[in-house]
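Asker: no FASTA, just this:
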């Protein structure tokens, strides 16, 4: 059974204070690892797909990395508008299995 | 605009009623999905469909039903058999990609269902 564990559950940062979110996973035959951002009351917004260990992708202040057991979402110099819940998911077949998310709050 | 449209945004259900949530996509995606999200929890898969007239149960299909008569549409019915239906429901779609690479799943804006 595919499993995804995200940590921490909640993270509070000051504006400009860089940090990382963790996503640990167990899956048989990883086809892709996905990161999404979700604002309250909205659907998840796609951020990145990582396909193989060693791969990295960047978008503005976000950088996602992947190893054989975990993925990190690095946030550099965050701004208050980066506040959201960040979801990680793995895909082995057609479906995604999600973690419970990390709720990020960035204070000005 | 291309995307996934869910309606209604807010829906109230009385005890014993069936209600249907609509999901339409104009992305020409083959696969469609329904997820349920409870406060502070991750997304759980209810049903998914890879082609028209075919669908599979996810992890929490009991008390729900779906149909896939058209490629663009994947409505979800929450039946009276679902004892705890109050939640945020998310419809999603993805292209079907052959080979080892994953298929990015895109989400609609969600529908809130409340039992009154």
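Answerer: Perfect, I can see it now. Not measured: the values here are computed from a predicted model.

Asker: now the strands for the chain?
Answerer: Went with chain A since none was named. Assigned by DSSP state E, the strands in chain A fall at A:3-7, A:10-14, A:19-26, A:32-38, A:45-50, A:56-59, A:62-66, A:70-75, A:84-91, A:96-98, A:102-107.

Asker: Switch to chain B, please.
Answerer: Counting by DSSP E, chain B has strands at residues B:4-7, B:10-13, B:19-25, B:31-37, B:43-51, B:54-57, B:64-66, B:76-78, B:87-94, B:106-107, B:111-115.

Asker: between the ones you listed, which gets nearest to residue A:31?
Answerer: Nearest to residue A:31, of all the strands of chain B, is strand B:87-94, at 11.6 Å by C-beta to C-beta. Using the backbone N, CA and C atoms, a C-beta is placed for each residue, glycine as well.

Asker: Could you pull up the mean pLDDT of the closest one?
Answerer: The average pLDDT for strand B:87-94 rounds to 95.

Asker: go on, stretch B:48-67?
Answerer: 95.

Asker: Now do the buried residues in it.
Answerer: Within stretch B:48-67, the residues that count as buried by 16 or more other C-beta atoms under 10 Å in any protein chain shown are B:48-49, B:52, B:55, B:58, B:61, B:64-67.

Asker: JSON lines for the strands of chain B, including distance to residue A:16?
Answerer: Formatted as JSON lines, the strands of chain B follow (distance: least, C-beta to C-beta, whole Å):
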{"stretch": "strand B:4-7", "distance to residue A:16": "35"}
{"stretch": "strand B:10-13", "distance to residue A:16": "38"}
{"stretch": "strand B:19-25", "distance to residue A:16": "39"}
{"stretch": "strand B:31-37", "distance to residue A:16": "31"}
{"stretch": "strand B:43-51", "distance to residue A:16": "31"}
{"stretch": "strand B:54-57", "distance to residue A:16": "46"}
{"stretch": "strand B:64-66", "distance to residue A:16": "45"}
{"stretch": "strand B:76-78", "distance to residue A:16": "43"}
{"stretch": "strand B:87-94", "distance to residue A:16": "32"}
{"stretch": "strand B:106-107", "distance to residue A:16": "30"}
{"stretch": "strand B:111-115", "distance to residue A:16": "35"}
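
Asker: out of these, which comes closest to residue A:55?
Answerer: Among those, the nearest to residue A:55 by C-beta to C-beta is strand B:87-94 (19.7 Å).

Asker: Who are the packing partners of that closest one?
Answerer: Judged by 3 or more C-beta pairs under 8 Å, 6 or more residues apart in numbering or on different chains; DSSP states H and E, the packing partners of strand B:87-94 are strand B:4-7, strand B:19-25, strand B:31-37, strand B:106-107, strand B:111-115.

Asker: Adjacent strands (with direction) for the lowest-mean-pLDDT helix or strand in chain A?
Answerer: In chain A, no helix or strand scores lower on mean pLDDT, DSSP states H and E than strand A:96-98, which sits at a mean of 90. Sheet pairing of strand A:96-98 (DSSP bridges) gives strand A:84-91 (antiparallel).

Asker: List of residues touching the strand it pairs with?
Answerer: The contact list for strand A:84-91 (C-beta atoms under 8 Å, 6 or more residues apart in numbering or on different chains) reads A:2, A:4, A:6, A:21, A:23, A:25, A:27, A:30-40, A:44, A:47, A:71, A:73, A:96-99, A:101-104, B:42-43, B:102-103, B:105.
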